[in-house]
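Undergrad: Output the structure for:
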Amino acid sequence: MDLIKTPLDGLIIIKPDVFEDERGYFFESFNQEKLLAAGLDLHFVQDNESMSKKGVVRGLHFQAPPNDQGKLVRVMRGSVLDVAVDIRKGSPTYGKCEPVILTGKNKWMFWIPSGFAHGFATLEDDTVFFYKCTNVYNKASEGSIRWDDPDLNINWGIKDPVISGKDMVSPAFREFVSPF
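TA: Below you'll find the predicted structure:
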């Protein structure tokens, strides 16, 4: 398992060791001891899964303290452009984005700690997205930032994305007051 730090402090790409043979493949999608040895003391309490058609953008979402969540995300089938945005006040990378391509084939995972907004765009039909969370969902704590915010300038790579009604009315980044 390789852990690759990104330019945004705290975000880590995890590349598992995948063992393939004529039968198929095997890999550890989570190993607490290995992550702890790398300095990640993670305790998960909820797993989530979504399936999306090609061209869907979900996000940018977060949960505010004290119900904030860290997320370990991966794609089980299909592919996404996954994006995390630093929303930690005082961070030298506040407002910066980190994109990564996650696919069912590369089996990479992305650790997104508390203090980041998160979203993804599906690049294939029937993409299955899975994530482990460090806190349970709390509707009163959910927050969002507009997915197509001009200040964030995220290139989702999709011409006419499918967006939820909730995500269409998310506030702009310049109007956003971070709870972190």
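
Undergrad: Flag every buried residue along stretch 56-75.
TA: Of the residues in stretch 56-75, those with enough neighbours to count as buried (16 or more other C-beta atoms under 10 Å) are 56-64, 68-75. No exception for glycine: its C-beta is placed from N, CA and C like everyone else's.

Undergrad: Output the lowest mean pLDDT helix or strand found in the protein.
TA: When the helices and strands of the chain are compared on mean pLDDT, DSSP states H and E, helix 32-37 comes out lowest with a mean of 90.

Undergrad: so what's residue 128 up against?
TA: Contact partners of residue 128, counting by C-beta atoms under 8 Å, 6 or more residues apart in numbering, are 49, 50, 51, 75, 76, 77, 78, 104.

Undergrad: make it 10 Å
TA: Contact partners of residue 128, counting by C-beta atoms under 10 Å, 6 or more residues apart in numbering, are 49, 50, 51, 52, 74, 75, 76, 77, 78, 80, 104, 122.

Undergrad: Note down every partner strand of the next helix or strand after the least confident helix or strand of the chain and its orientation.
TA: Sequence-wise, the next helix or strand downstream of helix 32-37 (DSSP states H and E) is strand 46-52. When sheet partners are counted by DSSP bridges, strand 46-52 sits next to strand 127-133 (antiparallel).

Undergrad: Export the partner strand to PDB, keeping only CA atoms.
TA: Output in PDB follows, covering the C-alpha atoms of strand 127-133 (Å, rounded to 0.1, in the frame of the first residue of the first chain):
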ATOM      1  CA  THR A 127     -20.400   4.200 -11.600                       C
ATOM      2  CA  VAL A 128     -20.500   2.800  -8.100                       C
ATOM      3  CA  PHE A 129     -18.900   5.100  -5.500                       C
ATOM      4  CA  PHE A 130     -18.100   3.900  -2.000                       C
ATOM      5  CA  TYR A 131     -16.900   5.800   1.100                       C
ATOM      6  CA  LYS A 132     -16.200   5.200   4.700                       C
ATOM      7  CA  CYS A 133     -17.000   8.000   7.100                       C
END
